[in-house]
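> sequence and predicted model, in that order:
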Amino acid sequence: MSYRVLIIDDSALVRALLQEMLQALGHQVVGQAGNAADGLQSWRSEHPDLVLLDISLPDQDGFLVLEEMRGEEPSLPVLFVTGNTQKKVIERARELKASGVLKKPFDAARLAAAIEAVGAGRWLS
Amino acid sequence: MSEVQKEKVTRLLESGVAHSTELLGLMSKTQWGIMTSSVNEIPVVRLLSWFQREKSPCIGARLRARADVPLEFLILFNESSAKAVAEAVTKPIEDKIRSLPDWVAVSIGEISNVLAQGVIGALADALDTMIILSVPEVQKGARSRILSEALEAYDGRQDLLVTSQVNMYSENLAAECSMIIIVNADCLRRMLN
């Protein structure tokens, strides 16, 4: 399955890495944002079918972004991509019905496995 | 801090730093080792005096914990180390990332983020809390200046800090970095209690 993906991450390095890997895996990157406000704007205009979301963002954290998305699109697949894999973070991600948490640093194989898990509806952590 | 508390903090930080070293190895595709590591409880003025002669130019990232845990990370690379590590990390996408203005600083920001998360994860899990760090603020300049800016919010003569300084190196990359973790001693004591 090929996804239309929105990337929300403050790091230009991570955005470039994800874009390269996603394209190589046959997915389409429909938008990229470096902060929550731009990310929410792109989500509303591009209607992606998968969001890759960082937790630490300059303007507000990824949990608040996901809460806002959940209010309007409860079943949107959202995968957290973060270096922060604390127990409480994973619990909060589950409570908000994220699709899973992909830990940084990652390679193309782990990204592919994560997206496959999202497609299969399997929680990834 | 009591001896027991100091021992607990040291153990937590050591396990976090070991994890961070592994993560840095994964990112840069080379092995990193820990050269020195120490935990101290000291006044702000003393910490500043330790570093005041260190004027060599660095690229560093500062990450702050949000809300109720007043904790700061400073991760510092000298200029040649920063370039060597950034080159190693960006190798798979060098044509894309190296066209960005200041790609070394961009890379150091993300590398520092991953390093800090390794340590903060160990602390947060042990204290059964969630700690979200700010995005990295990349700074260039002398180590002493970067440190004094990070300590501006503290009272030089009143506040006691717990600091952990870790020096890491990679032989393959001829690179090294320092991680300084700063937390107010009173707050840390409260959390440990």
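Now that the structure is in, tell me what you want to look at.

> how about B:Tyr154, what does it touch?
Shown in contact with B:Tyr154 (Cβ atoms under 8 Å, 6 or more residues apart in numbering or on different chains): B:44, B:161, B:184. Where you see a C-beta, it was placed from the backbone N, CA and C, and this is true even at glycine.

> which one of those residues sits closest to chain A?
For chain A, the nearest member of the contacts of B:Tyr154 is B:Asn184. The distance, counting by Cβ to the nearest Cβ, is 20.6 Å.

> how about the closest one, phi and psi?
Here is the backbone geometry of B:Asn184 (degrees, to the nearest 10): phi -60, psi 130.

> what about the helices in chain A?
Using DSSP state H, the helices of chain A run over residues A:12-24, A:36-46, A:62-72, A:87-95, A:108-119.

> related to what we said a few turns ago, looking at the contacts of B:Tyr154, which is nearest A:Ala36?
Each of these was scored against A:Ala36 by Cβ to Cβ, and B:Asn184 proved nearest at 28.6 Å.

> the closest one: neighbouring residues, count only.
19 (other Cβ atoms under 10 Å in any protein chain shown).

> beta partners of it?
Taking DSSP bridges as the rule, B:Asn184 bridges to B:Leu161.

> shouldn't it be in contact with B:Leu160?
Yes. Using Cβ atoms under 8 Å, B:Asn184 is in contact with B:Leu160, at 7.5 Å.

> what's the overlap in contacts for those two?
When contacts are counted by Cβ under 8 Å, 6+ apart, B:Asn184 and B:Leu160 are jointly contacted by no residue.

> B:Gln165 belongs to a strand?
Yes. Per DSSP: H, G, I helix; E, B strand; the rest coil, B:Gln165 lies within a strand segment.

> so how many other residues sit close to it?
As a measure of burial, B:Gln165 has 18 neighbours, counting by other Cβ under 10 Å.

> ok, now the one 5 residues further on?
For B:Ser170, the neighbour count with other Cβ under 10 Å is 21.

> how about the contacts made by A:Leu53?
In this structure, A:Leu53 makes contact with A:8-9, A:39, A:62, A:65-66, A:78-81, A:98, judged by Cβ under 8 Å, 6+ apart.

> for it, list each beta-bridge partner.
Applying DSSP bridges, one finds that A:Leu53 bridges with A:Ile8, A:Phe80.

> can you check the pLDDT for it?
A:Leu53 is assigned a predicted lDDT (pLDDT) of 98.

> just send the contacts of A:Leu53 back as CSV, with pLDDT too.
Formatted as CSV, the entries for the contacts of A:Leu53 read as follows, by pLDDT from 0 to 100:
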residue, pLDDT
A:Ile8, 98
A:Asp9, 98
A:Gly39, 98
A:Gly62, 97
A:Val65, 98
A:Leu66, 98
A:Val78, 98
A:Leu79, 98
A:Phe80, 98
A:Val81, 98
A:Ala98, 97
